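Novice: Next input, structure requested:
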Amino acid sequence: MTGQYDYKSFRVLFVDDEEQTTDLVREYLMDTFDVVTAYDAETAWDKFSESPDSFAVVVTDQRMPGAQGTELLENIRQSRPRTIRILCTAYADIDAAISAVNEGAIYKYITKPVETPELEISIMRAMEFYLIQRERDLLMKEKLSALQRLMMTDRLISLGIFAAGLNHHMRNGLTAVKTFLDLAPLKLQSEDVDLERLRNPNYWNNFYATAQDSIAKVMELLKEVQKIPEAPSAPNETEVDVNAALNRALDQNRSELARRSISVEFQPDQVPNVIADGPMIDRLFELIIKDEAENAKDGGRLVISVEKKQGNGNYDGVKVVLQDDGPGLSASNLQCLFDPFFTRSNKPDQYGVNLLASYFLVHHHSGSIIAEKSEMGGVRFEIWLPLEPAQIPSLGGEEAFLSRVMEAERAWEKKLLGY
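Specialist: Numbering: from 1, shown residues only. Model prediction:
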């Protein structure tokens, strides 16, 4: 990790039943840290639970009225394993130390009485460990995300090449078949064949209708695959109103949503325009909402929200969340949601390229799209689009990114060794 550590970027929870000591420690440490104090484990747990992600370090006494310090540390470990846990106690026996390590998985064991400057240094080292650990986790998550995007891009390129040849050859063959089917009634009539005099006219009429319907579906599939866009050199630098694009997409799919009685809850929010290719963004939201219209449950709800949010690297952008109330998907199926031809339902007439195209459209604008289980019970799509895609480093800068990862790994190893 490079640069000066910001020791106030996360909070420190200090717990001791000696109120005067606790207040003095807080006063001493408050210039360096954002300190929250408690006089017992129960109160400390309540304060921690209010905002668990805001705490980096917890320092607690062992012997207190009510729950012991190790119990508090175990609860914190269960809730937020990455939070650094330090135990202070006047009982320097081996049993207390073993209990602290086994039950609370502590970072450090301090014997009381402890000098305040020594405590400050211990908390500083713990905070540094937490910050390095956090940056390492973020970098690895970003690396995995980058690798996933590279795999998806490679898959899309392969699909595009395949689709181009497939379209040409299949359309030629289907044209002959479709022409034959279209002319079949006229040809039968010219041959003086009376369909009504056949022994089973319903069979031939149904067979003819099924064949025509199947041809139409194959032609529609080829049309959809062809719409998966090839990446242009750069997005058209125009300002796109995300709220307006979502409203247009809802209008495109309104009849299907109404047919399945899916209610839509969308309240546009004031967010900046994004620099993007307007038709591509329209197509993106049209495909996502089309997928929801096809796969959300009958009579269900589709909730859409928009807000300004920073993405990885603290780049400004707009976050769009679309979620439904079912049916949900298993964790393994969620991982496959953007695979070619994966379908969310068992409907045989769906072929699942809409989400693949959506993934490409977001990726082309240097954004991100994830699918996860919705709190409403269905699927939740979170799309992030940068305000200015040109500011986002391209995936070509792998050497600089790898350097950051390795630097974080070296810092992590040093902290593990106590340097």
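Novice: ok, residue 38 to residue 71 distance?
Specialist: Distance of residue 38 to residue 71, computed by Cβ to Cβ, to the nearest Å: 14 Å. C-betas here are computed from N, CA, C, even on glycine.
Novice: same thing with residue 43?
Specialist: Counting by Cβ to Cβ, the gap from residue 43 to residue 71 is 13 Å.
Novice: Quick check on those two: which one has the bigger neighbour count.
Specialist: Per other Cβ atoms under 10 Å, whichever of residue 43 and residue 71 has more neighbours is residue 71, with 19 against 13.
Novice: Next up, identify which helix or strand the more buried one is on.
Specialist: helix 69-79 (DSSP states H and E).
Novice: mind giving me the domain ranges of this structure?
Specialist: Taking automatic domain parsing as the reference, the chain has its domains at 11-114, 230-387.
Novice: Please tell me how far the last one is from the chain's geometric centre.
Specialist: Spelled out, that is domain 230-387. Between the centre of domain 230-387 and the centre of its chain there are 12 Å (Cα atoms, centre = their mean, to the nearest Å).
Novice: Repeat that for the shortest one.
Specialist: Centre-to-centre, domain 11-114 and its host chain are 33 Å apart (Cα atoms, centre = their mean).
Novice: that older thread, wait, which of the domains of the chain is closest to residue 139?
Specialist: Closest approach to residue 139 among the domains of the chain is made by domain 230-387 (9.8 Å; Cβ to Cβ).
Novice: Kindly indicate whether the residue of the chain most remote from its centre is helix, strand or coil.
Specialist: Here the chain reaches farthest from its C-alpha mean at residue 192, the gap being 63.6 Å by Cα atoms, centre = their mean. Classification of residue 192 using DSSP: H, G, I helix; E, B strand; the rest coil returns coil.
Novice: buried stuff in stretch 114-132?
Specialist: Residues of stretch 114-132 classed as buried by neighbour count (16 or more other Cβ atoms under 10 Å): 119-120, 122-132.
Novice: Ignoring the adjacent residues along the chain, who's closest to the residue nearest in space to the middle of the chain?
Specialist: For the chain, the residue nearest the mean C-alpha position is residue 370 (3.5 Å; Cα atoms, centre = their mean). Nearest non-adjacent residue to residue 370, counting by Cβ to Cβ, 6 or more residues apart in numbering: residue 382, 5.1 Å away.
Novice: which helices and strands sit right next to the following helix or strand past the helix holding residue 71?
Specialist: For helix 69-79, the following helix or strand on the C-terminal side (DSSP H and E) is strand 84-89. If you count contacts as 3 or more Cβ pairs under 8 Å, 6 or more residues apart in numbering; DSSP states H and E, strand 84-89 packs onto strand 55-61, helix 69-79, helix 94-104, strand 108-111, helix 116-190.
Novice: Quick check: residue 108 touching residue 86?
Specialist: Yes. Taking Cβ atoms under 8 Å as the definition, residue 108 is a contact partner of residue 86 at 4.7 Å.
Novice: So which of those two has more stuff around it?
Specialist: Taking neighbours as other Cβ under 10 Å, residue 108 and residue 86 compare with residue 86 leading, 24 against 17.
Novice: what secondary structure does residue 264 sit in?
Specialist: Strictly by three-state DSSP, residue 264 counts as strand.
Novice: For residue 238, see how far away it is.
Specialist: 27 Å.
Novice: Could you do residue 255 as well?
Specialist: 29 Å.
Novice: Settle it for me: which of these two has more neighbours?
Specialist: For residue 255 versus residue 238, neighbours defined as other Cβ under 10 Å are more numerous around residue 238 (13 against 9).
Novice: so what's that one closest to, chain neighbours aside?
Specialist: Closest residue to residue 238 apart from its sequence neighbours, by Cβ to Cβ, 6+ apart: residue 278 at 5.5 Å.
Novice: Flag the shaky bits of the chain, pLDDT-wise.
Specialist: Residue ranges of the chain with pLDDT under 70: 1-3, 91-105, 141-169, 195-196, 221, 223-236, 312-313, 330-353, 393-419.
Novice: Let me know the secondary structure of residue 268.
Specialist: coil.
Novice: burial count for it?
Specialist: Residue 268: 14 surrounding residues under other Cβ under 10 Å.
Novice: In contact with the residue nearest to it when sequence neighbours are not counted, which residues?
Specialist: Ranked by Cβ to Cβ, 6+ apart and with sequence neighbours excluded, the top spatial neighbour of residue 268 is residue 243, at 3.8 Å. For residue 243, the contact set (Cβ atoms under 8 Å, 6 or more residues apart in numbering) comprises 268-269, 271, 306.
Novice: and those, which two are the farthest apart?
Specialist: Counting by Cβ to Cβ, the most remote pair of the contacts of residue 243 is 268 and 271, 8.5 Å apart.
Novice: what touches both of these two?
Specialist: In contact with both residue 268 and residue 271: 243, 306, using Cβ under 8 Å, 6+ apart.
Novice: Double-check residue 368 against residue 358; I have them as touching.
Specialist: No. Applying Cβ under 8 Å, one finds residue 368 not in contact with residue 358, separated by 11.8 Å.
Novice: So which of those two has more stuff around it?
Specialist: Higher neighbour count among residue 368 and residue 358: residue 358, with 24 against 20, using other Cβ under 10 Å.
Novice: Where does that one fall, secondary structure wise?
Specialist: Per DSSP H and E: helix 354-364 holds residue 358.
Novice: Quick one: list the elements packing against that helix.
Specialist: Short answer (3+ Cβ pairs under 8 Å, 6+ apart): helix 354-364 packs on helix 116-190, helix 201-227, helix 278-295, strand 368-373.
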